[in-house]
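[1] Here's my sequence, what's the structure:
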Amino acid sequence: MESSFDISDSTDWLGTPLQLLAPLESALRCQVCKDFFDTPMITSCSHTFCSLCIRRSLSADNRCPICREGDQVLKLRRNWAVSELLDAFKTARPAVLELAKKEQSRMARGEDDILEQPQKKRKVDYLEQQPEVPLVGSSPQQRHRTRSRSTKAVRQEQQEVIEVIEDSQDDDEEYTPDGLVECPICQRKVKAETANSHVNRCLTQQEASPPKAPQRTPQRPQAFWRLQNSPTHNLERLPTLNYDLMKDVQLRKKFRELGIPNDGPRDLMKRRHTEWINLWNANCDSETPKSKRQLLHELKIWESTRGGGSMTTLTERNAVNSKDFDAARWSADHNDDFSRLIASARQKADAQVRSTIPGPLVQGGSRAEPDSAPQLEGSSGQKPGDT
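    Here you go, the predicted structure:
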């Protein structure tokens, strides 16, 4: 298990010899939480998400987070192929990534020995490329004799002597009949004189107790095997509630039956119950479900981070995430804010551009000349030569 401070990401493969594994790992990550699939579920539009992520998204607007097609929680199905692929990839990922990083560091140090050629081959190539240099003061016969000797020596070095070692064990041995025959019933070898009596005895024993045929267990696919051998959990999924038909007293009573906190305003209790349904039903989809105490701890963390806050902030957040959200009206109501932000951004951009220009420009595109000398304090603007 990786450390809590070492967050894995698909970009870990970039820069390594196995950088083509980056898109593979990216495909095994949820598009909502950007982490590896946790109990992958497939939608009716053939997109895969974590069970908790897609349940939270569908409980908000009943649409797929990727293609925005309408969908329902009841149509979710478990994606067993992705689950098995993910388990195998997560098991092999640390070792494969470590080897890839070692290879990357070795190539960075310039210790790549694969591209090096043998020293002997380079020496032979060097000798073949050398021109023939005649000896000074030698006759043509001596040069020819020297050249023939060198050529003969090179040819002798290139010839390889292949020795064949004979093995006495490979010799064919003469077949000597042993006088035994094989019984067609029990496949045992017996003497030819007693073959008839042995066959009769085997037939009598076979009729008395017929052997049972061996039963072969058919091989089943791994996904089907995991589906049948997965532990059965006595966890029932929770249905949704119609909060408009329930009073606060009935709602708090239902919370006590479920074992979750029933304090706070009605709006907070509705969001708390929706999150509890998502946590519980996603836990029912998992192969290794968590305990109720762990789910209550996660509900507490959610309420202290995402579910808490002021009522105004929560109301605005729910309004934006609602499926009946009016985007045109929202844009018209906040048009002044958008215009002010755009004008402020443009002013900052213009000021940055002016700060990069060396001097001010006058009309005609020429720069203004700076004053030749500063004026002295107390002077009436006249030059020193004027009287």
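[2] In the helix or strand hosting residue 275, which of the residues would be classed as buried?
    Element membership for residue 275, per DSSP states H and E: helix 266-285. Neighbour-count burial for helix 266-285 flags 268-269, 271-283, 285 (criterion: 16 or more other C-beta atoms under 10 Å). Where you see a C-beta, it was placed from the backbone N, CA and C, and this is true even at glycine.
[3] Kindly indicate which of these lies nearest residue 240.
    residue 277 (6.4 Å; C-beta to C-beta).
[4] May I have the phi/psi pair for the closest residue to the closest one other than its chain neighbours?
    Closest residue to residue 277 apart from its sequence neighbours, by C-beta to C-beta, 6 or more residues apart in numbering: residue 238 at 5.0 Å. Dihedral pair for residue 238: phi -90, psi 140, per degrees, to the nearest 10.
[5] For the closest residue to residue 38 other than its chain neighbours, give the beta-bridge partners.
    Nearest residue to residue 38, sequence neighbours excluded (C-beta to C-beta, 6+ apart): residue 50, at 4.6 Å. Taking DSSP bridges, one obtains residue 40 as the residues bridged to residue 50.
[6] mind listing the helices in the stretch 51-200 of the chain by residue range?
    51-61, 80-108, 119-129, 140-158, 195-208 (DSSP state H, counting those that start in this stretch).
[7] quick one: the strands in this structure?
    Ranges of strands in the chain, per DSSP state E, are 40-42, 48-50, 77-78, 180-182, 189-191.
[8] Which residues does the helix holding residue 275 contact?
    39, 41, 50-52, 55-56, 59, 73, 78, 233, 235-238, 240-241, 243, 248, 251-252, 254-255, 258, 260-262, 264, 289-290, 295, 298-299, 302-303, 307, 311, 314-315, 318 (C-beta atoms under 8 Å, 6 or more residues apart in numbering).
[9] now that helix: mean pLDDT?
    Across helix 266-285, pLDDT averages out at 91.
[10] Just the C-alpha atoms of that helix, please, in CSV.
    C-alpha atoms of helix 266-285 as CSV (Å, rounded to 0.1, in the frame of the first residue of the first chain):
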residue,chain,number,x,y,z
ARG,A,266,-34.6,20.2,8.0
ASP,A,267,-32.5,21.1,5.0
LEU,A,268,-29.4,19.7,6.6
MET,A,269,-31.2,16.5,7.6
LYS,A,270,-32.4,16.0,4.0
ARG,A,271,-28.8,16.3,2.7
ARG,A,272,-27.5,14.1,5.5
HIS,A,273,-30.0,11.3,4.6
THR,A,274,-29.2,11.5,0.9
GLU,A,275,-25.5,11.2,1.6
TRP,A,276,-26.2,8.2,4.0
ILE,A,277,-28.1,6.5,1.3
ASN,A,278,-25.2,6.9,-1.2
LEU,A,279,-22.7,5.7,1.3
TRP,A,280,-24.8,2.7,2.3
ASN,A,281,-25.8,1.5,-1.1
ALA,A,282,-22.3,2.0,-2.5
ASN,A,283,-21.1,-0.2,0.4
CYS,A,284,-23.6,-2.8,-0.7
ASP,A,285,-21.9,-2.9,-4.1
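[11] Flag the shaky bits of the chain, pLDDT-wise.
    Residues of the chain meeting the criterion pLDDT under 70: 1-6, 110-178, 209-233, 308-325, 355-387.
[12] tell me the contacts of residue 50?
    Residue 50 neighbours (C-beta under 8 Å, 6+ apart): 30, 32-33, 35, 37-41, 282.
[13] closest to residue 64 among the residues you listed?
    residue 32 (10.6 Å).
[14] surely that closest one meets residue 54?
    Yes. Counting by C-beta atoms under 8 Å, residue 32 does reach residue 54; the two are 7.4 Å apart.
[15] More neighbours: which of these two?
    residue 54 (27 against 15; other C-beta atoms under 10 Å).
[16] hang on, the more buried one packs against residue 41?
    Yes. Shown here, residue 54 and residue 41 form a contact pair, counting by C-beta under 8 Å, at 5.6 Å.
[17] who touches both of those two?
    residue 76.
[18] ok, back up a step: the contacts of residue 50, buried ones only, as a ChimeraX selection?
    Selecting the buried subset of the contacts of residue 50 in ChimeraX, with 16+ other C-beta under 10 Å as the burial test, is done by:
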select :30,37,38,39,40,41,282
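[19] Closest to residue 82 out of the contacts of residue 50?
    residue 40 (4.5 Å).
[20] Now do the contacts for that closest one.
    So residue 40 contacts 30, 48-51, 78-79, 82-83, 86 (C-beta under 8 Å, 6+ apart).
[21] And the furthest pair within those?
    30 and 78 (14.7 Å).
[22] could I get the strands of the chain as TSV with distance to residue 330?
    Shown next, in TSV, are these (distance: least, C-beta to C-beta, whole Å):
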stretch	distance to residue 330
strand 40-42	31
strand 48-50	27
strand 77-78	35
strand 180-182	92
strand 189-191	94
